[in-house]
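Chemist: Sequence and predicted structure below; questions after.
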Amino acid sequence: MRFLEQEDEESGTKTLEEKFKTYVDNGVNADDLEELYLSVHKAIRADPSPKHKESKKERNKTATHNKEYKRKARKTKEQRDADVQAKLDKIAAMEEESSDEEE
C-alpha cells in the first residue's frame with residue numbers, strides 16, 4: 001500500500017484508489033492497517049461465533065438467481081447441420097450472383 005502511494009505521487013496515477021477503494025473511502029491508510037487487523041482479530045477472539053446461523057450451503061439453497069442472463073439451449077445435430085447448409089446455400093447464391101454480374 002505504501003508502494004502504491006509513492007508510485008501514485010510520482011507518476012500521477014490512481015492505482016491505489018482503484019485497488020483499495022473501500023479502504024480509501026473509509027479513510028484507512030497504510031499506517032492504520034496494522035491497527036485495523038489487530039482490532040479485527042481481537043473482536044474475533046472475543047466472540048468467535050459464526051456470523052450466520054446457518055451454513056453457506058443452506059443459505060445458497062434459498063438464494064434467488066437472476067434469470068435475465070440464462071444460457072440458450074444447445075442446438076441438436078440436425079439444427080447445426082441445417083444452419084451450416086443454410087450458410088453454404090447463401091454463399092453459393094452470392095457466388096452465382098457475382099458470376100452473373102461478371103458476364
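Modeler: Arrived safely, thanks for sending.

Chemist: Run the chain-centre distance for the longest helix along the chain.
Modeler: Longest helix of the chain, by residue count under DSSP state H: helix 77-102. Counting by Cα atoms, centre = their mean, to the nearest Å, helix 77-102 is centred 39 Å from the centre of its parent chain.

Chemist: name the helices or strands packed onto it?
Modeler: In terms of contacts (3 or more Cβ pairs under 8 Å, 6 or more residues apart in numbering; DSSP states H and E), helix 77-102 is not packed against any helix or strand. The C-beta positions use only the backbone N, C-alpha and C, and glycine is treated the same way.

Chemist: how about it: buried residues?
Modeler: Along helix 77-102, not one residue counts as buried under the neighbour rule (16 or more other Cβ atoms under 10 Å).

Chemist: Give me the three-state assignment for the most centrally placed residue in the chain.
Modeler: Taking Cα atoms, centre = their mean, the centroid of the chain lies closest to residue 69, which sits 13.7 Å from it. Taken by DSSP: H, G, I helix; E, B strand; the rest coil, the conformation at residue 69 corresponds to coil.

Chemist: what pLDDT does it get?
Modeler: The pLDDT attached to residue 69 in the predicted structure is 81.

Chemist: and what of the one 10 residues further on?
Modeler: For residue 79, the model assigns a pLDDT of 97.

Chemist: same question, residue 96
Modeler: At residue 96, the model reports a pLDDT of 89.

Chemist: residues in contact with it?
Modeler: If a contact means Cβ atoms under 8 Å, 6 or more residues apart in numbering, then residue 96 has no contacts.

Chemist: quick one: it and residue 90, what's the gap?
Modeler: Residue 96 sits 11 Å away from residue 90, taking Cβ to Cβ, to the nearest Å as the criterion.

Chemist: before we move on, the earlier item: would you list the phi and psi of the residue nearest to the centre of the chain?
Modeler: Its backbone dihedrals place residue 69 at phi -110, psi 40, with angles given as degrees, to the nearest 10.
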